[in-house]
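Enquirer: kindly generate the corresponding structure for this input.
(chains A and B)
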Amino acid sequence: DGGITQSPKYLFRKEGQNVTLSCEQNLNHDAMYWYRQDPGQGLRLIYYSQIVNDFQKGDIAEGYSVSREKKESFPLTVTSAQKNPTAFYLCASSAVRGAYGYTFGSGTRLTVV
Amino acid sequence: AQSVSQHNHHVILSEAASLELGCNYSYGGTVNLFWYVQYPGQHLQLLLKYFSGDPLVKGIKGFEAEFIKSKFSFNLRKPSVQWSDTAEYFCAVNAATGGSYIPTFGRGTSLIVHP
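Expert: Purely as a prediction, here's the structure:
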């Protein structure tokens, strides 16, 4: 079945450590996105990529970094510069530059202690 | 930049009650509109979408939404809710920005349906 795989589902890290969240899709979608979901705040866009080797900052990119070396993969690194990293992170992908909807992964819940 | 407002943050209903969740957006150009649902412990799923044509859109599980351009609204409705509709609902708007279509989501509405 085609879809988006996010791993791990739960992640615990110590404060000050960088951590990388994985996102892989086998939908042959060109565009991929990272969102952060916090209670009462909906989904906020961190980074997006419309094509391999290119990505753009979203609304809350500070403290995060991404890469897009392959069409199927769009990993997100939460750096120690992110002041409040504990959150639920969602990866999504879309075809045709997102004009027709988005497919979401099941998310990674990151807890920084 | 576009923005999306969902006015109902928490809704509690009894089974068989009717549901209407409000969604307003701010963007002057052509938009695509979506409603997504997130059941407890599950990933976001597309309920329905509007691109053009008939402003009354029917989605999965008996949901429908009406696009009213003059009011910049895309309210979600269901005539009779079930306990299994308990979930979080997100309205999203997708407008062209420099050739890209980046979706903006509302803050979500948490729906609890009592049996």
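Enquirer: gap between the two ends of stretch A:90-103?
Expert: End-to-end distance for stretch A:90-103: 10 Å, by Cα to Cα, to the nearest Å.
Enquirer: how about it: buried residues?
Expert: A:90-94, A:97-98, A:101-103 (16 or more other Cβ atoms under 10 Å in any protein chain shown). Any C-beta I mention is one placed from the backbone N, CA and C, and that applies to glycine too.
Enquirer: and these, which two are furthest apart?
Expert: A:L90 and A:R97 (19.1 Å; Cβ to Cβ).
Enquirer: wait, B:E66 sits on B:N75?
Expert: Yes. In this structure, B:E66 is within contact of B:N75 by Cβ atoms under 8 Å, at 6.1 Å.
Enquirer: these two: who's more crowded?
Expert: Shown here are B:E66 and B:N75; by other Cβ atoms under 10 Å in any protein chain shown, B:N75 has more neighbours (19 against 16).
Enquirer: so what's that one up against?
Expert: B:N75 sits next to B:20-23, B:65-66, B:68 when contact means Cβ atoms under 8 Å, 6 or more residues apart in numbering or on different chains.
Enquirer: next, it: secondary structure please.
Expert: Judged by DSSP: H, G, I helix; E, B strand; the rest coil, the three-state class of B:N75 is strand.
Enquirer: give me the pLDDT for it.
Expert: The per-residue pLDDT reported for B:N75 equals 97.
Enquirer: how about the residues of chain A by chain B?
Expert: Neighbours of chain B within chain A, by Cβ under 8 Å from any Cβ of the partner chain: A:33, A:35, A:40-45, A:48, A:50, A:56, A:58, A:90, A:92, A:94, A:97-102, A:104-107.
Enquirer: let's go with 7 Å and repeat that
Expert: Selection of chain A residues close to chain B by Cβ under 7 Å from any Cβ of the partner chain yields A:40-43, A:45, A:48, A:50, A:97-99, A:101-102, A:104-107.
Enquirer: I'd like the next helix or strand past the top strand by length along chain B.
Expert: Counting by DSSP state E, the longest strand found in chain B is strand B:87-97. Where DSSP states H and E defines the elements, the next helix or strand beyond strand B:87-97 is strand B:100-105.
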